[in-house]
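In: coordinates only, no sequence provided:
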Ligand SMILES: [Ca+2]
Ligand SMILES: [Ca+2]
Ligand SMILES: [Zn+2]
Ligand SMILES: [Zn+2]
């Protein structure tokens, strides 16, 4: 029976997904329907050679495991921090979080080692692809994913395709500027939403308040050696600390205005908030849109991502989508 | 000879272009190569009925003239202020500059009166189409037009097509926000680039300085009854007035940062500045891009439009492009 055959093919066909992040290097075997069959995690090495070597070894090991797991690996998808030329499979320019990661051809060594086709894109774009295939973006022609984690990134789907831009820096959503002056950003500019609302920015402000002895509030206990993070800031504000509240208010306003700018430029159907701070920012972003967006852009839906592994799933989707297109 | 026949067809085939602006209602017969064969201008009436009546009359007169001018009118293209649903040919929402201009079906009455196909889009999008067919945008897959006139508008070409957006408010470039606070905007928000850098914004600041007796500078003569405009502000700054210079500096920074935001969202190949203030803003915008954009977005070309009639040419191009596609 043909439909059973196709079902069986769909069950076994899988992708190897690689996620090169600031902290970890991860590899996963991902099934056609988005199931993560097996996942491997290692600290991301600090040097180019060690990183390439580890990535190749993890991939070779995973493809070996795939055989015994009855998974047929169709190709490799890589999600990485930094700016990527996906046509060439090359990382053009790294973020500061991943050292020695500029002008790196990932396709050639991976396809030489594994004899498989290789796709590469940046983490923000992969997160958008993951939403498109497995998340809130399913069936949505035009949407934007905004990821608020350590930094701020994102991806834009327009007419069912990613916008990469002429120099592959479209959807650099963290560097939308919302203030003529504003705090310094890691990119060298000032007033970017990443400098207001990213996990790093909130941590910077939390440390500043702590140093100035302004993070105190009844109910908040910070141990002597404990590193100060964004969570302390959020907790302090919830417990009634006005300084913390003011910092977070500004972060929410900045992020919301950045998203309003996205609405007024590409006018998507849907904005998906992703990353560790997504649920915290959800309500404030909706409020800022209702206050600051054009009337015609105010009914844009804002949702929080429900995907647990957007980078890995997006990396896998580059492989799986290509294969599905060939099958059909 | 076939090629002579095609040449002849191309010579005579023309579009009727309509431009509904804040001040004037204009109609033109436009040839296949962008030549404006004849142009008609009237003040744009303040009421819906008078405006529709005048528009239809001007179009009927023009089609009659076209016969004697040996122009074969293929269709009608309308450029209008406000938000437009181009699929339906309906003005959804007017700007304040054109009164009684919401939920207006332009296609039905025009096609009933003229028995011709009708296309409608907003002025910013028409300006982008004009650049695509006749201006700096020829052959460029991804570019953005930013129009700095009384207000600020624009259009975005992505993969050779306009981005209209889900609720037809993509490329509302005037309402990109670049300041958490900032001056009030006509849209009800604050800190939009239109509130800093449009002709209206500069006029507002010029009047304020004049009222505070701060617009004076040696060499600048303002007659008693003369209306104060952006030109006075620009001239005062050139003659060394520091207050005027500070206002203009802020306007340039705001506009430049708005354009940086466009670069970081859609990353076009080219930005075309259009409108009366385009050449004034050209150099400052390039400077702000080099100061505030990501390195990978800094080599984006910025050009000043050379088209004299972007709205009319864009309106015409909707007709001419459709016809060319059918011919080829
Ligand atoms: Ca991105
Ligand atoms: Ca527009
Ligand atoms: Zn930045
Ligand atoms: Zn505005």
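Out: Good, I have the coordinates. Since this is a predicted model, take the numbers as computed values, not measurements. Numbers count the residues shown, from 1 in each chain, chains lettered A, B, ... in the order given. Ligands and ions are numbered 1, 2, ... in the order given.
In: ok, and the closest non-adjacent residue to residue A:264?
Out: residue B:172 (4.3 Å; C-beta to C-beta, 6 or more residues apart in numbering or on different chains). C-beta coordinates here come from the backbone N, C-alpha and C atoms, glycine included.
In: quick check, the one you found in contact with residue A:294.
Out: Yes. Assessed by C-beta atoms under 8 Å, residue B:172 is found in contact with residue A:294 at 5.9 Å.
In: overlap in contacts of those two?
Out: Among the neighbours of residue B:172, those also in contact with residue A:294 (C-beta atoms under 8 Å, 6 or more residues apart in numbering or on different chains) are residue A:264.
In: looking at these two, which is more packed in?
Out: residue B:172 (27 against 23; other C-beta atoms under 10 Å in any protein chain shown).
In: and the more buried one, what is it in contact with?
Out: A:264, A:265, A:267, A:294, A:297, B:83, B:153, B:154.
In: relative to ligand 1, which of these is nearest.
Out: Nearest to ligand 1 among those, counting by C-beta to the ion, is residue A:265 at 14.6 Å.
In: from what I see, that closest one and residue B:265 are in contact.
Out: Yes. Using C-beta under 8 Å, residue A:265 is in contact with residue B:265, at 5.0 Å.
In: contact residues of the stretch 101-250 of chain A facing chain B?
Out: By C-beta under 8 Å from any C-beta of the partner chain, the part of the stretch 101-250 of chain A that sits against chain B consists of A:142, A:156, A:158-159, A:163-173, A:175-180, A:187, A:189-191, A:250.
In: now residue A:273: which helix or strand?
Out: Under the criterion of DSSP states H and E, residue A:273 resides in strand A:270-274.
In: how about that strand, which residues are buried there?
Out: By 16 or more other C-beta atoms under 10 Å in any protein chain shown, the buried positions in strand A:270-274 come out as A:270, A:271, A:272, A:273, A:274.
In: give me the distance from stretch A:23-40 to the chain's centre.
Out: Taking C-alpha atoms, centre = their mean, to the nearest Å, one finds stretch A:23-40 lying 15 Å from the centre of the chain it belongs to.
In: distance between the ends of that stretch?
Out: This stretch, stretch A:23-40, spans 14 Å end to end (C-alpha to C-alpha, to the nearest Å).
In: and it, average pLDDT?
Out: Stretch A:23-40 carries an average pLDDT of 96.
In: and the contacts of that stretch?
Out: Applying C-beta under 8 Å, 6+ apart, the external contacts of stretch A:23-40 come out as A:10-11, A:13-19, A:41-45, A:51, A:54-55, A:58-59, A:61-62, A:65-66, A:69, A:71, A:73, A:133-134, A:309, A:312-313, A:315-316, A:320, A:324.
In: count of residues packed around the nearest residue in space to residue A:158 that is not next to it in sequence?
Out: Spatially, and ignoring its direct neighbours in sequence, residue A:158 is nearest to residue A:142 (5.6 Å; C-beta to C-beta, 6+ apart). Residue A:142 has 20 neighbouring residues, counting by other C-beta under 10 Å.
In: so who does residue A:142 touch?
Out: A:157, A:158, A:159, A:266, A:267, A:268, A:269, A:270, B:165, B:166.
In: what does residue A:191 give?
Out: A:177, A:178, A:179, A:180, A:181, A:182, A:183, A:185, B:257.
In: now residue A:289: which helix or strand?
Out: helix A:278-292.
In: ok, residues contacting that helix?
Out: Residues contacting helix A:278-292 (C-beta under 8 Å, 6+ apart): A:147-148, A:197, A:234, A:252-253, A:255-257, A:259-260, A:263, A:271, A:273, A:297-298, A:300, A:302, A:304-305, B:177, B:189-190.
In: the same query, at a cut-off of 7 Å, please.
Out: A:148, A:234, A:252-253, A:255-257, A:259-260, A:273, A:298, A:300, A:302, A:304-305, B:177, B:189 (C-beta atoms under 7 Å, 6 or more residues apart in numbering or on different chains).
In: picking up where we left off before, among the residues of the stretch 101-250 of chain A next to chain B, which are in strands?
Out: Mapping those onto strands (DSSP state E) picks out A:156, A:158.
In: among the residues of the stretch 101-250 of chain A next to chain B, name the buried ones.
Out: Buried, going by 16+ other C-beta under 10 Å: A:142, A:156, A:158, A:163-173, A:175-180, A:187, A:189-191, A:250, out of those.
In: list the contacts for the closest residue to residue A:178 other than its chain neighbours?
Out: Closest residue to residue A:178 apart from its sequence neighbours, by C-beta to C-beta, 6+ apart: residue A:257 at 4.5 Å. Counting by C-beta under 7 Å, 6+ apart, residue A:257 makes contact with A:178, A:288, A:292, B:177, B:180.
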